[in-house]
Each structure stands twice: as C-alpha cells, then as structure tokens.
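Novice: Mind looking at a prediction? Sequence and model below.
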Amino acid sequence: MSSPTFDFSEVDDLYQEIILDHYRSPRNQKEIPESDMDVTGINPFCGDEVHMRIKLSGESISAVSFSGNGCSISQASASMLSDIIKGKSLDEANNLYVDFRDMMHGNDLNEDSMDNLGQAEALSGVKKFPIRIKCALLAWSALGDAVKKHKSE
Ligand code: ZN
C-alpha cells in the first residue's frame, strides 16, 4: 500500500532535515536474536506499520530493533523512538511516551522533558497537521501499551 506523502513545506527546515534523515536511514534495523517484548503498531488510515523488538536486562531496555513501512512521519518517529529508549528503564520509556504525546497534543513541556525527547522534538512541527499526529504517535503509543502489558504479566 502506498502512503500519502507529507507536505513538508510548512515544517521548519531543521526539523524537516532531522525527520527525513531518520526516514531515509532508519536506526536500529538490525534484528536482535532474542527479545522480551514485541511491539506492533498499525495505523490503517495511513497504511503505517511499525514493529519493535525489545531486549531487557532487568527492567532496562538493552537492545531494540525496529522495522516497518509507511509514511515518512511514522517511520522517522519510530526510528527516533528506537534510539531514545535504549538504556532506559521501562518506566522512563513510558514517561517518554507520555511526554511525547503531550507535546504532540500541543502541551508545553518543561526543559528536562524536552531534553529527554532529543531529536524527537523535530516532530513537534507535525502537530499542526491533526491527521499526522496519529502517524507520529504510532510507535510511541504501541510502546506505551506494550510496557503496560509487560508490567501486568
Ligand atoms: Zn502515516
């Protein structure tokens, strides 16, 4: 399925560059041999799919692999997420999801939260496009669900 392309002309140039860099060279594509958590997000509206496999060491994320296909926003966002959560605890990863969701919903984050989001700040430019917020959130909300599920097991 082909995804509609995103009109980048209204997004800040620097943000645009970061997003396109992640889209063209997604991070953490290397399969990890074993995983403790499998994360899948599907956005039927856009045809986006993201899959992440996560290896834990205790309650910390020691390795992540990401694969998927779909629009530039969904794939760039998942690539950024896969980088950001490495080395984080599950609670920290869930907090990142909550902060990112708040940012995409137009809430102001404090400086620490923005720092923690790192390059994902680039996606804040997407919040002007309500249809794309789902694309940007896809991997993050899938991760949030997977953390919840993991903790209840
Ligand atoms: Zn999409």
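Specialist: Received it, and whenever you're ready, just let me know what you need.
Novice: Tell me the pLDDT of residue 15.
Specialist: Looking at residue 15, its pLDDT is 92.
Novice: Skipping its backbone neighbours, what lies nearest it in space?
Specialist: Among residues not flanking residue 15 along the chain, residue 122 sits closest, at 4.0 Å (C-beta to C-beta, 6 or more residues apart in numbering). Using the backbone N, CA and C atoms, a C-beta is placed for each residue, glycine as well.
Novice: That neighbour and residue 13 touch, don't they?
Specialist: No: taking contacts as C-beta atoms under 8 Å, residue 122 lies outside contact range of residue 13: 10.7 Å.
Novice: quick one, what contacts the residue nearest to residue 15?
Specialist: Residue 122 makes contact with 14-16, 18-19, 80, according to C-beta atoms under 8 Å, 6 or more residues apart in numbering.
Novice: can you do 10 Å?
Specialist: The neighbours of residue 122, taking C-beta atoms under 10 Å, 6 or more residues apart in numbering as the test, are 11-12, 14-22, 76-77, 80.
Novice: again with residue 96
Specialist: Residue 96 makes contacts with 81, 84-85, 88, 113, 116-118, 120, 140, 143-144, as judged by C-beta under 10 Å, 6+ apart.
Novice: Can you name the residues in contact with the helix or strand that residue 16 is a member of?
Specialist: If you go by DSSP states H and E, residue 16 is part of helix 13-24. Contacts of helix 13-24 from elsewhere in the structure, counted by C-beta under 10 Å, 6+ apart, are 6, 8-12, 27, 71-83, 118-126, 136.
Novice: Next, residue 42: phi, psi?
Specialist: Main-chain dihedrals, residue 42, degrees, to the nearest 10: phi -130, psi 130.
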